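# Just need the structure, nothing else, for what follows:
(chains A and B)
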Amino acid sequence: NAGVTQTPKFQVLKTGQSMTLQCAQDMNHNSMYWYRQDPGMGLRLIYYSASEGTTDKGEVPNGYNVSRLNKREFSLRLESAAPSQTSVYFCASSGDRVEKLFFGSGTQLSVL
Amino acid sequence: EDKVVQSPLSLVVHEGDTVTLNCSYEVTNFRSLLWYKQEKKAPTFLFMLTSSGIEKKSGRLSSILDKKELFSILNITATQTGDSAIYLCAAAGNEKLTFGTGTRLTIIP
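Here you go, the predicted model:
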């Protein structure tokens, strides 16, 4: 029962470097999400994908791009990392109801 | 823009005390209100409320939703050190959840 798998768990980048956070789910869910969590800010939605082939901006999309590669995978790319993107990133997925959200274990990203 | 506001941001109480956490929301096409507990990693689901005035209970935790006034509360009675966590409120619209900032609850033994 893998659920939602995120990689990597930890990453340190230098300002200007690029990287991709990977997310895969094995529950045949239609919808997938990327959130970031900063101290005192709760979870803020970066991008989401309501179905394979579609993506939409969330609350804080600037500086990020996403790809819904197939139904299972939804990746988040930082093209030119900035210190303001230091955060914990969570991938999540849901099936027919958005309320039934399944989270990955998170990625701790530090940008120096 | 959808918005969820929680208060207080932080709360420190002694073991055995009762606490009340607040959540107000403004969400387009509101469907339900959810509470999560977050310790070290990802949030874990506590409650989902869809109807106003219905109180959900699970042991020492209970929650009420008021859809007219657009708020919810989470009560924890006889608190224990294991209740120390961040409690997140989230409101569901059509395609996504909007989370509040969370309340950091610390229980002192």
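# Give me every residue in chain B lying close to chain A.
Residues of chain B that fall close to chain A, judged by Cβ under 8 Å from any Cβ of the partner chain: B:1, B:4, B:6, B:9, B:31-32, B:34, B:41-43, B:45, B:48, B:88, B:90, B:92-102. Every C-beta, even on glycine, is put in place using the N, C-alpha and C of the backbone.
# which of these count as buried?
Among those, those classed as buried by 16 or more other Cβ atoms under 10 Å in any protein chain shown are B:4, B:6, B:31-32, B:34, B:42-43, B:48, B:88, B:90, B:92-93, B:96-102.
# Average pLDDT for stretch A:48-57, rounded please.
Stretch A:48-57 comes out with an average pLDDT of 93.
# what about that stretch, near chain B?
Yes - shown here: stretch A:48-57 in contact with chain B (Cβ under 8 Å from any Cβ) through A:48, A:50, A:56.
# If you tally nearby residues, what's the number for the second one?
When you say that, I think you mean A:A50. 18 (other Cβ atoms under 10 Å in any protein chain shown).
# what separates it from A:N30, distance-wise?
7 Å (Cβ to Cβ, to the nearest Å).
# For B:F45, which non-adjacent residue is spatially closest?
B:Y36 (5.9 Å; Cβ to Cβ, 6 or more residues apart in numbering or on different chains).
# quick one: that neighbour and B:M48 touch, right?
No - with contact defined as Cβ atoms under 8 Å, B:Y36 does not reach B:M48; the gap is 10.2 Å.
# Show me which helix or strand of chain A is least confident by mean pLDDT.
Of all the helices and strands that make up chain A, strand A:101-103 has the lowest average by mean pLDDT, DSSP states H and E, namely a mean of 91.
# Helix or strand with the lowest mean pLDDT in chain B?
Each helix and strand of chain B was given a mean pLDDT (mean pLDDT, DSSP H and E); the minimum falls on strand B:55-58 at a mean of 77.
# In that strand, which of the residues would be classed as buried?
Going by neighbour count (16+ other Cβ under 10 Å), the buried part of strand B:55-58 is B:K56.
# Any regions of the chain where pLDDT drops low?
Since you didn't name a chain, this refers to chain A. Low-confidence segments of chain A, defined by pLDDT under 70: A:1.
# actually it's chain B I care about, not the one you picked
In chain B (pLDDT under 70), the answer is B:54.
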